[in-house]
Structures are given as C-alpha cells and as structure tokens.
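> Sequence and computational prediction follow.
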Amino acid sequence: MARGISLHRTRGRWARALVALLAGLSLTAGLTGPASAAPQPIVGGELQSDADGLAALMVDGRYQCSGSIVSNYWVLTAKHCLYDGNGRIADSRLSVRVKSIYWNSGGGVVYISTSRVRTSHDIAMLKLNRSANAQPVRLPTATTKVGATTYVFGWGRTCAGCAPSTTLRRATQYVQSIDDTDYYGGRGIRTTGLNGDVCFGDSGGPLFKLVDGLRYQVGVLSAVNSANCDNQAFYATVPESRDWILNVMATV
C-alpha cells in the first residue's frame with residue numbers, strides 16, 4: 001500500500017484516516033457479513049447497473065481510485081490519489097477505464113497525457129490522451145444542503161478482509177455538514193452512511209445530489225475519520241473548485 005492508513009489533522013479538527021489508495025474501493029456498512037462461497041453485494045450498499053460519468057483510475061494497470069468524467073477529455077479525482085510513498089506518480093503510469101461497471105474489464109482504457117492538482121484542496125484533474133466518448137457529469141454552482149440525501153459511487157472491498165469487488169457499487173449518504181474540511185484543508189462536506197459507508201480505497205469517488213432526477217456532483221471523496229470505516233466521510237466540495245476546474249479544461 002502506497003501511503004497506508006495516514007492520519008491527518010486539518011484546521012484543528014480531529015485526526016482523520018486518509019482513505020487508502022490501493023486497498024480497492026469499499027462502500028461498506030460494516031466489517032463483517034454472512035459467510036458464502038459466492039461474492040455478495042456490498043454490505044449495506046447496492047450494485048450499480050451503469051457507469052455513466054464514472055471512471056476507474058489505475059496505476060500501472062492496477063486499481064487506484066475512482067473518478068468522474070467532467071468532459072470527454074478530463075477526469076476529476078482526489079489529489080492524494082496521485083501520490084505514493086515516493087511522491088507524485090508520473091502521468092505516464094496513469095490510465096482510466098470508462099463506460100464499464102467493472103474496473104478491470106469492459107468499456108475502454110484511456111491513458112493520461114497530463115494532470116493538474118489544486119493547492120490546498122483534495123482535487124485533481126486528469127487530461128485524457130483521447131476522447132472518453134462518454135456522458136460527462138454535471139457540475140453544480142451551489143453545494144448540497146445539510147440533511148440532504150446524496151449518493152457515492154465506487155469499486156472495492158465489501159469488508160475489511162475481502163478482496164476488492166470488480167463491480168461498481170453505490171451507497172446512500174446523509175449530509176451532516178457543508179462547512180467542514182477535506183484532507184488538505186479545503187472546504188469540505190461531511191456525511192454519514194444511510195445504507196452504506198465508505199472505506200479504504202474509495203478515494204476520489206463522486207458524491208452526487210439529485211435534482212429533477214439528474215445527478216450533480218457536489219463532492220470528491222477525500223477522507224474518513226475512523227479506521228473502522230463505520231463513521232463519517234469527508235469530501236472536497238466541488239462547487240468550491242468549479243471555476244478552477246473550468247479554467248483547467250479551458251487552458252491546459
């Protein structure tokens with residue numbers, strides 16, 4: 001594991017466990033589940049039937065983080081996904097799988113030509129070397145509200161000792177605060193799980209709100225505050241970085 005379970009304190013907040021990079025995505029409502037020889041759906045979450053606007057980020061062909069397609073040539077993810085114990089990961093090692101509910105098959109693999117990270121925010125942009133030919137997510141101008149129901153998407157583990165899931169999953173999240181911080185101290189959203197919680201490897205996953213049945217991305221998964229993955233999650237606030245995102249797409 002590149003950074004392992006990294007604890008971080010921002011602006012005097014409590015210590016938080018960084019969502020691990022190479023553990024595979026985990027939308028889990030607990031750390032144990034019924035024994036079975038067959039793979040089980042995520043504990044407390046749901047299998048997702050489409051991957052519209054979503055991308056699986058890989059390093060050297062191995063799953064790393066989740067991301068979202070914000071234009072046919074750009075993917076949005078968490079900044080800490082682009083670092084390991086040796087520093088910044090070279091763009092030449094990065095790729096994304098798009099248009100598939102599986103991180104390791106289907107759809108298409110697109111390589112990264114360059115990347116940009118935002119100072120003091122857990123936000124990064126990945127430029128693709130060819131069009132993803134996919135439907136981009138919507139970027140709202142306003143954030144969500146306290147008490148709102150939101151949805152986070154990702155691939156990965158269904159319990160602490162499980163292998164990463166290959167199938168995209170979804171968990172429902174309740175917004176507790178829109179005035180918190182992300183891993184790097186940027187403005188953040190704090191949620192708790194309604195039918196599932198995020199865990200190690202879920203980094204970079206998009207948090208959506210529904211408006212008239214359409215998904216708008218309000219957050220990028222940044223951190224959790226419990227190594228047991230049974231408590232709150234923290235997201236970089238997308239509307240806070242919307243102008244930066246649009247400027248990167250227009251000028252790079």
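Noted; the coordinates are in hand.
> Pull up the gap between the residue nearest to V175 when sequence neighbours are not counted and G61, please.
Using C-beta to C-beta, 6 or more residues apart in numbering and skipping the chain neighbours, the partner closest in space to V175 is A148 (4.6 Å). For the C-beta atoms, the positions are set from N, CA and C on the backbone; glycine is no exception. Distance of A148 to G61, computed by C-beta to C-beta, to the nearest Å: 37 Å.
> Show me which of these two is the more surrounded one.
Neighbours were counted for A148 and for G61 using other C-beta atoms under 10 Å; A148 has more, 16 against 11.
> what's near enough to touch that one?
Y174, V175, K209 (C-beta atoms under 8 Å, 6 or more residues apart in numbering).
> Isn't W244 up against T119?
No. The criterion here is C-beta atoms under 8 Å, and W244 misses it with T119 at 9.5 Å.
> Packing partners of the helix or strand containing A236?
In the assignment (DSSP states H and E), A236 maps to strand 233-237. In terms of contacts (3 or more C-beta pairs under 8 Å, 6 or more residues apart in numbering; DSSP states H and E), strand 233-237 is packed against strand 169-181, strand 187-193, strand 214-224.
> could you redo the last one with a cut-off of 6 Å?
Here strand 233-237 touches strand 187-193, strand 214-224, going by 3 or more C-beta pairs under 6 Å, 6 or more residues apart in numbering; DSSP states H and E.
> Convert the longest one to PDB, retaining C-alpha atoms only.
In this case it means strand 214-224. C-alpha atoms of strand 214-224 as PDB (Å, rounded to 0.1, in the frame of the first residue of the first chain):
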ATOM      1  CA  LEU A 214     -30.400  14.300 -12.700                       C
ATOM      2  CA  ARG A 215     -27.100  13.700 -10.900                       C
ATOM      3  CA  TYR A 216     -25.000  16.700 -10.000                       C
ATOM      4  CA  GLN A 217     -21.600  16.100  -8.500                       C
ATOM      5  CA  VAL A 218     -21.200  18.000  -5.200                       C
ATOM      6  CA  GLY A 219     -18.100  16.300  -3.700                       C
ATOM      7  CA  VAL A 220     -15.000  14.200  -4.300                       C
ATOM      8  CA  LEU A 221     -14.300  11.600  -1.600                       C
ATOM      9  CA  SER A 222     -11.300  12.700   0.500                       C
ATOM     10  CA  ALA A 223     -11.100  11.100   3.900                       C
ATOM     11  CA  VAL A 224     -12.700   9.200   6.700                       C
END
